[in-house]
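Predicted structure and sequence below. I'll ask about it afterward.
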Amino acid sequence: MMKKIPLDKLRNIGIIAHIDAGKTTTTERILFYTGRTYKIGEVDEGTATMDWMVQEQERGITITAACTTCYWRDLRINIIDTPGHVDFTVEVERSLRILDGAVVVFCGVGGVEPQSETVWRQADRYQVPRIAFVNKLDRVGSDFFEVVAQMHKKLAANAAAIQLPLGREENLKGAVDLVERKVIRYTDDLGKEFVVEDIPAELKEEAEKYHNILLERLAEVDDVIMDMFVHGKEISAGRLKEAIRRATIANKFVPVLCGSSLRNKGIQTLVDAVCDYLPSPLDVPAIKGTNPDTGEHEEIVTADKAPFCALCFKVTTDSYVGKLNYIRVYSGTLKSGQHVYNSTKRQDERVTKLVQMHANRQDIIEEISAGEIAAAVGLKDTKTGDTLCNESNPILIEAMRFPEPVIQQAIEPKTKQDQEKLGLALHKLEEEDPSFRVTYNNETGQTIIAGMGQLHLEIIIDRMMREFNVAAQVGAPQVAYRETITRKVVSTGKFIQQSGGRGQYGHAVIEMEPQEMPGAGVTFDDKIKSGAIPREFIPSVKQGIMGASKSGCLAGYPVTDVKVTLVDGSFHEVDSSEMAFKMAGAIAFNDGLKKANSILLEPIMDMEVIVPEEYMGQVIGDLNARRAKIVSIATRLNVRIIKAYVPLAEIFNYATALRSLTQGRASYTMEPSFYAEVPSHIADKVMTGTATARF
């Protein structure tokens with residue numbers, strides 16, 4: 001039975017970072033030093049507690065966000081270790097949605113990398129307070145001060161060091177604490193034993209310099225420190241800690257710590273900083289919800305005695321208990337066996353069991369209270385983003401937004417026996433992962449799976465074969481093209497049928513124009529005046545338009561970035577029906593697409609290539625041949641960093657090409673950025689089905 005912790009002693013945090021910055025290694029050390037595990041797990045050896053999936057252990061990367069709980073001092077810390085790879089960015093998105101704070105890990109050599117920027121923006125969007133940990137300072141070429149400078153420049157963060165590294169690269173011995181003005185020196189390789197000493201004379205000048213920088217940064221955002229700083233008053237360590245906590249929770253300041261997780265240095269002070277500076281559920285603003293019956297906004301009070309309210313942020317399939325719904329409770333308590341109301345689906349559900357997760361291990365608990373995170377068993381229809389509450393106090397929390405897939409593949413079962421298993425496996429995987437989509441192409445008779453990248457689909461297919469024992473054949477990856485229009489048109493749709501008895505009559509006139517902002521999708525606006533179409537038929541027109549937008553007129557790809565306005569129409573007293581207006585809407589939309597100069601769009605990737613100087617010419621030449629647009633070339637130590645926008649169709653399996661060009665010495669990262677028009681000569685090939693992605 002888990003002991004009840006006061007809300008102010010609870011920390012819900014996430015570990016977020018670029019791939020390979022050391023998130024899981026840092027989490028493993030936290031679990032070891034807090035006594036949660038007795039042995040340090042290693043990512044490279046496939047023994048990390050948090051990387052429990054077979055695919056994670058084989059590849060040495062985190063694929064799914066794993067939850068765990070540990071205790072430090074008199075506090076309980078719920079930790080979610082998130083993936084760094086862009087293909088699994090949805091895991092970061094849904095974790096940040098429900099967390100109160102985050103530790104952002106930066107590589108001491110790589111600094112602020114592309115995915116670091118992505119996760120930082122995600123944390124900005126959800127206004128999650130964060131502290132930074134500069135890791136890997138034992139490596140050659142690491143530079144703590146350069147990483148802090150990059151945080152200012154690239155992330156516009158008001159960040160300042162609260163620690164300085166003691167020693168450099170292989171001579172890293174510990175840290176200089178700028179708050180307590182002491183030195184922490186590790187005396188063993190396991191990192192368990194350390195001594196706290198006065199700052200030696202040779203480091204005093206540097207420590208004083210960065211202590212003053214810390215005070216200046218805090219004074220900019222904290223009136224108490226500003227007053228004391230201006231008047232030259234002595235600021236005690238206690239006062240300084242209080243100010244850092246206030247500014248961090250208000251999202252106005254980011255304290256920066258340092259260390260090396262692999263060498264077991266800096267972890268205890270990082271956990272101290274989590275306790276000292278990151279918020280409890282009581283410190284963050286109360287979450288707002290909407291009453292589904294009245295539409296009015298309501299504040300959800302974080303208290304055990306308040307009406308129950310929770311958000312389901314993740315769904316997984318467990319081979320023993322079936323479906324696990326990860327929930328964050330915002331108010332009230334939930335007991336095992338209790339009935340809850342899913343206000344998103346408007347239906348009752350029953351929680352048969354509650355479990356506290358430690359990676360993939362489950363500890364059964366009897367109840368969960370406000371501010372806590374756990375997993376519920378027995379919820380049949382609850383999906384990611386659904387709100388659970390009491391039926392007597394219905395409330396709806398805003399759901400999460402997930403990115404659109406950019407890559408797709410056809411999949412088919414190998415045998416008749418696999419047919420049913422395939423459908424079941426795909427349904428379960430789609431339920432777990434909101435960025436994975438399954439559709440059926442009626443024209444080709446194929447099942448199409450779509451995801452965020454090649455690795456994403458590889459993992460899905462691997463899981464399907466191993467976990468669900470489905471033998472399947474998979475087609476080559478295809479680009480998820482889109483279609484849109486380039487000019488404003490007015491289009492009419494009429495659906496009239498006479499068959500002796502009651503006929504069908506629907507007539508709609510719509511305006512179609514390109515959206516002002518790319519990425520807005522297809523929107524519908526109703527500007528019908530004087531009852532030209534009765535109100536009850538207008539949703540049917542919208543339904544017809546949205547259905548038609550799933551397949552464009554050029555090559556059958558989904559239509560995006562079109563603003564549709566219903567401006568006129570007519571109806572028949574007897575023959576008009578919902579079906580007739582749905583058909584009229586679809587006819588008007590399809591007719592408009594043909595008149596509005598439709599074009600084909602392709603996903604463009606934001607790419608960063610890190611390459612030794614001697615290979616730069618070959619890499620740039622190859623990128624130019626792949627229709628890349630070079631944005632910038634920067635220098636970091638002895639390597640060049642090339643930033644470019646490249647069409648996805650040109651860079652399937654780019655890793656192999658880059659390896660052969662640079663003898664395996666270059667690396668790259670990429671993430672979807674935007675959609676752009678396909679050049680006409682390539683668009684013709686896509687429409688005739690003769691286009692091939694470059695492998």
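Done, it's in. Residues are numbered from 1 along each chain as shown.

mind checking the end-to-end distance for stretch 437-452?
End-to-end distance for stretch 437-452, by CA to CA, to the nearest Å: 10 Å.

Please state the offset of the longest strand seen in the chain from the chain centre?
Ordering each strand of the chain by length in residues (DSSP state E) puts strand 599-612 first. Centroid separation for strand 599-612 versus its chain: 19 Å, with CA atoms, centre = their mean, to the nearest Å.

Show me what the very next helix or strand once past that strand is packed against.
Going down the chain from strand 599-612, the next helix or strand is helix 616-625, by DSSP states H and E. With contacts defined as 3 or more CB pairs under 8 Å, 6 or more residues apart in numbering; DSSP states H and E, the packing partners of helix 616-625 are strand 599-612, strand 629-636, strand 639-647, helix 654-662. Bear in mind the C-beta positions are built from the backbone N, C-alpha and C, glycine included.

deepest of these, which one?
strand 599-612 (a mean of 21; mean count of other CB atoms under 10 Å).

That strand pairs with which strands, and in what direction?
Using DSSP bridges, the strands paired with strand 599-612 are strand 482-484 (antiparallel), strand 639-647 (antiparallel), strand 667-677 (antiparallel).

so which of these gets nearest Ile287?
In terms of CB to CB, the element of those nearest to Ile287 is strand 667-677, at 28.4 Å.

I would like the residues contacting that closest one, please.
18-19, 86, 89, 113-115, 118, 403, 406, 452, 482, 518-519, 560-561, 599-610, 645-648, 651, 654-655, 658 (CB atoms under 8 Å, 6 or more residues apart in numbering).

Show me the shaky parts of the stretch 451-600 of the chain.
499-501 (pLDDT under 70).

how does it look with 80?
Along the stretch 451-600 of the chain, segments meeting pLDDT under 80 span 453, 476-478, 498-502, 519, 529-530.

Stretch 127-144 spans what distance, first to last residue?
26 Å.

Okay, buried residues for that stretch please.
128-139, 142-144 (16 or more other CB atoms under 10 Å).

now stretch 409-419
Here stretch 409-419 shows 409-411, 413, 418 as buried, counting by 16+ other CB under 10 Å.

Equivalent analysis for stretch 211-225, please.
Under 16+ other CB under 10 Å, the buried positions of stretch 211-225 are 211, 214-215, 217-219, 221-222, 225.

circling back: please dump the helices and strands packed on helix 616-625 into a markdown table; it should also carry distance to Lys428 for every row.
Shown next, in a markdown table, are the helices and strands packed on helix 616-625 (distance: least, CB to CB, whole Å):
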| stretch | distance to Lys428 |
| --- | --- |
| strand 599-612 | 27 |
| strand 629-636 | 40 |
| strand 639-647 | 33 |
| helix 654-662 | 30 |
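
Can you tell me which of these has the worst average pLDDT?
Ranked by mean pLDDT, these bottom out at helix 654-662, which scores a mean of 81.

what's the nearest residue to Arg76 if we skip its chain neighbours?
Ile5 (4.5 Å; CB to CB, 6 or more residues apart in numbering).

And that neighbour, its phi and psi?
Here is the backbone geometry of Ile5 (degrees, to the nearest 10): phi -110, psi 140.

Quick check: pLDDT value at it.
pLDDT at Ile5 comes out at 80.

just the one 10 residues further on next, same as before
What the model reports for Ile15 is a pLDDT of 90.

That one touches Asp81, doesn't it?
Yes: using CB atoms under 8 Å, Ile15 is in contact with Asp81, at 5.1 Å.

Now the common contact residues for these two.
Common neighbours of Ile15 and Asp81 (criterion: CB under 8 Å, 6+ apart): 23-24, 27.

Please list only the buried members of the residues you listed.
Applying 16+ other CB under 10 Å to those, the neighbour count classes 23-24, 27 as buried.

from the residues you listed, which is closest to Arg466?
Thr24 (21.1 Å).

Surely that closest one is in a helix?
Yes: counting by DSSP: H, G, I helix; E, B strand; the rest coil, Thr24 is found in a helix.

So, low pLDDT: which residues of the stretch 301-450 of the chain?
The model of the stretch 301-450 of the chain has pLDDT under 80 over residues 318-322, 359-362, 399, 401-404, 406-407, 441-446.

which ones are touching Tyr505?
With contact taken as CB under 8 Å, 6+ apart, Tyr505 is in contact with 495-497, 571-572, 575-576, 580.

I misspoke; the intended subject was Leu178.
161-164, 207, 210-211, 214.

same deal with Leu623?
Counting by CB under 8 Å, 6+ apart, Leu623 has contacts 609, 630, 642, 644, 646.

again, only this time at 7 Å
Leu623 makes contacts with 630, 644, 646, as judged by CB atoms under 7 Å, 6 or more residues apart in numbering.

residue contacts, the last one?
Translated: Val646. So Val646 contacts 604-605, 607, 623, 626-628 (CB under 7 Å, 6+ apart).

As a markdown table, those with distance to Glu458 would be great.
Shown next, in a markdown table, are these (distance: CB to CB, whole Å):
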| residue | distance to Glu458 |
| --- | --- |
| Ile604 | 22 |
| Met605 | 17 |
| Met607 | 19 |
| Leu623 | 24 |
| Arg626 | 21 |
| Arg627 | 25 |
| Ala628 | 24 |
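
For those, work out which two are farthest apart.
Ile604 and Leu623 (13.1 Å).

secondary structure element for the residue nearest the centre of the chain?
With distances taken as CA atoms, centre = their mean, the residue of the chain nearest its centroid is Glu93 (2.6 Å). Assigned by DSSP H and E, Glu93 belongs to helix 89-98.

And the contacts of that helix?
By CB under 7 Å, 6+ apart, helix 89-98 touches 14, 16, 64-65, 80, 82-83, 102, 118-119, 122-123, 126, 128, 311, 313-314, 328, 384, 400, 402-403, 433-435, 452.

ok, now stretch 301-315?
7, 65, 94, 97-98, 281-282, 286, 289, 300, 323, 325-334, 369-371, 382-390, 393, 395, 397, 431-432.

Tell me the buried residues in that stretch?
302-304, 308-315.

so which of those comes closest to Leu354?
Nearest member of the buried residues of stretch 301-315 to Leu354, counting by CB to CB, is Ala310, at 11.1 Å.

tell me the SS of that closest one?
strand.

What of Ala410?
Ala410 is classified as strand under three-state DSSP.

Could you find the closest non-adjacent residue to it?
The nearest residue in space to Ala410 (CB to CB, 6+ apart) is Gly475, at 3.8 Å.

The one you found: neighbour count?
13 (other CB atoms under 10 Å).

and if you look at the one 5 residues further on?
As a burial measure, Ala480 scores 22 neighbours (other CB under 10 Å).

I'd guessed it sits against Gln408; true?
Yes: with contact defined as CB atoms under 7 Å, Ala480 counts as touching Gln408 (5.1 Å).

So for those two, which residues contact both of them?
In contact with both Ala480 and Gln408: Ala450, using CB under 7 Å, 6+ apart.

coming back round to it: got JSON lines for the contacts of Leu178, with pLDDT too?
JSON lines is the format used below for these (pLDDT from 0 to 100):
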{"residue": "Ala161", "pLDDT": "93"}
{"residue": "Ile162", "pLDDT": "93"}
{"residue": "Gln163", "pLDDT": "92"}
{"residue": "Leu164", "pLDDT": "93"}
{"residue": "Ala207", "pLDDT": "91"}
{"residue": "Tyr210", "pLDDT": "92"}
{"residue": "His211", "pLDDT": "91"}
{"residue": "Leu214", "pLDDT": "92"}
